[in-house]
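Engineer: Have a look at this fold, sequence not included:
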């Protein structure tokens with residue numbers, strides 16, 4: 001039995017931190033056999049709200065092959081230090097690169113022979129532009145430590161592997177294993193020409209280009225209803241969005257629902273026609289893939305793994321800086337029901353026919369079980 005120690009700032013039932021939480025949850029739910037996970041995480045979500053869990057500061061059973069330690073804020077440093085020093089595992093799998101408690105501490109104090117950092121899109125160039133000076137200083141200080149400790153890395157695709165090489169060089173081992181996505185039940189919402197129901201599920205921040213979507217809607221002639229689900233990560237940015245929302249014409253309706261638990265999101269997918277998220281950068285985009293699986297075509301940028309969408313009739317890639325969002329919205333709004341239903345069925349089939357889902361599981365098992 002291989003014991004994998006997994007350190008992550010937020011873990012289920014936390015959900016407000018977005019994709020990395022879902023990525024790790026899907027991983028521990030789909031990889032079993034001779035692999036056992038021990039997850040150390042916080043007992044709070046990214047906004048500081050307490051999680052509804054059995055108990056903090058004790059190991060609790062999560063599933064057949066996973067135990068979780070939800071660490072409280074009380075004496076967190078000393079509690080984690082004790083765990084990292086005394087645990088016995090074959091490998092440490094650390095999610096993210098910016099956490100002192102859940103990345104730096106295990107890198108420095110864990111006695112495991114192998115340590116792998118899963119960067120989860122944090123080294124993508126657009127992501128590095130957010131708070132870029134602080135990140136540059138931090139990464140310059142972090143790099144010598146990771147080289148000294150011979151830390152390995154996990155990338156979710158070949159592009160992210162190149163981003164890691166740009167940061168750390170080619171001496172460190174880099175594993176490639178795609179995210180394991182969630183597939184939800186598909187449905188087709190009745191569609192009338194000249195109307196559209198849009199949905200975005202994402203953190204509220206400039207990376208997701210909400211302002212560009214709202215400004216595009218301000219010039220649309222069709223009747224569009226837009227549902228937004230996600231925690232407000234940048235309050236100043238949301239204030240700008242709210243100002244645009246308040247000026248929208250009467251044919252545009254925007255509904256902000258806040259952060260929605262994953263099991264309640266299915267209803268939002270089912271009550272939409274098109275998913276829109278023209279992000280500046282996406283490492284994977286779990287919400288995008290879930291939208292495909294629900295039978296929803298996607299409007300997104302060229303900065304995600306999901307491209308050539310229009311050729312497949314499952315969505316449209318746009319360049320937000322060129323003002324292309326409005327045209328994509330209007331094309332879907334102008335679709336009749338028959339045309340839309342074809343795009344919807346193609347989207348659902350696309351998600352279910354992805355070979356990487358099965359390859360990803362094998363790649364994770366190989367990464368976790370390969371001897372040092």
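Structural biologist: Everything's here; your move. Because the structure is predicted, anything quoted here is derived from the model rather than measured.
Engineer: Can you tell me how far the spatially most distant residue from the centre of the chain is from residue 198?
Structural biologist: What lies farthest from the middle of the chain is residue 250; by C-alpha atoms, centre = their mean that is 33.2 Å. Applying C-beta to C-beta, to the nearest Å, the value for residue 250 to residue 198 is 17 Å. All C-beta atoms are positioned from the backbone trio N, CA, C, and that covers glycine.
Engineer: Which residues does the worst-scoring helix or strand of the chain on mean pLDDT contact?
Structural biologist: Least confident element among the helices and strands of the chain, by mean pLDDT, DSSP states H and E: helix 125-129 (a mean of 83). Here helix 125-129 makes contact (C-beta atoms under 8 Å, 6 or more residues apart in numbering) with 121, 122, 135, 136, 163, 207, 280, 281, 303.
Engineer: Going through these, which ones are buried?
Structural biologist: With neighbours counted by 16 or more other C-beta atoms under 10 Å, the contacts of helix 125-129 contain buried members at 121, 122, 135, 163, 207, 280, 281, 303.
Engineer: got a list of what the last one touches?
Structural biologist: Contacts here follow C-beta under 8 Å, 6+ apart; on that basis residue 303 touches 126, 279, 280, 281, 282.
Engineer: what's it sitting at in phi/psi?
Structural biologist: Main-chain dihedrals, residue 303, degrees, to the nearest 10: phi -100, psi 40.
Engineer: Pull up the gap between it and residue 277, please.
Structural biologist: With distances defined as C-beta to C-beta, the gap from residue 303 to residue 277 amounts to 11 Å.
Engineer: what does the third one give?
Structural biologist: Shown here: residue 135 relative to residue 277, a distance of 23 Å by C-beta to C-beta.
Engineer: With the fifth one instead?
Structural biologist: For residue 207, the distance to residue 277 equals 10 Å [C-beta to C-beta].
Engineer: Please apply the same query to the first one.
Structural biologist: Per C-beta to C-beta, residue 121 is found 14 Å from residue 277.
Engineer: I'd like the contacts of residue 303 written out as JSON lines, with distance to residue 17 and secondary structure added.
Structural biologist: Compiled in JSON lines, those are given as follows (distance: C-beta to C-beta, whole Å; DSSP: H, G, I helix; E, B strand; the rest coil):
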{"residue": "126", "distance to residue 17": "18", "secondary structure": "helix"}
{"residue": "279", "distance to residue 17": "16", "secondary structure": "coil"}
{"residue": "280", "distance to residue 17": "18", "secondary structure": "coil"}
{"residue": "281", "distance to residue 17": "16", "secondary structure": "coil"}
{"residue": "282", "distance to residue 17": "15", "secondary structure": "coil"}
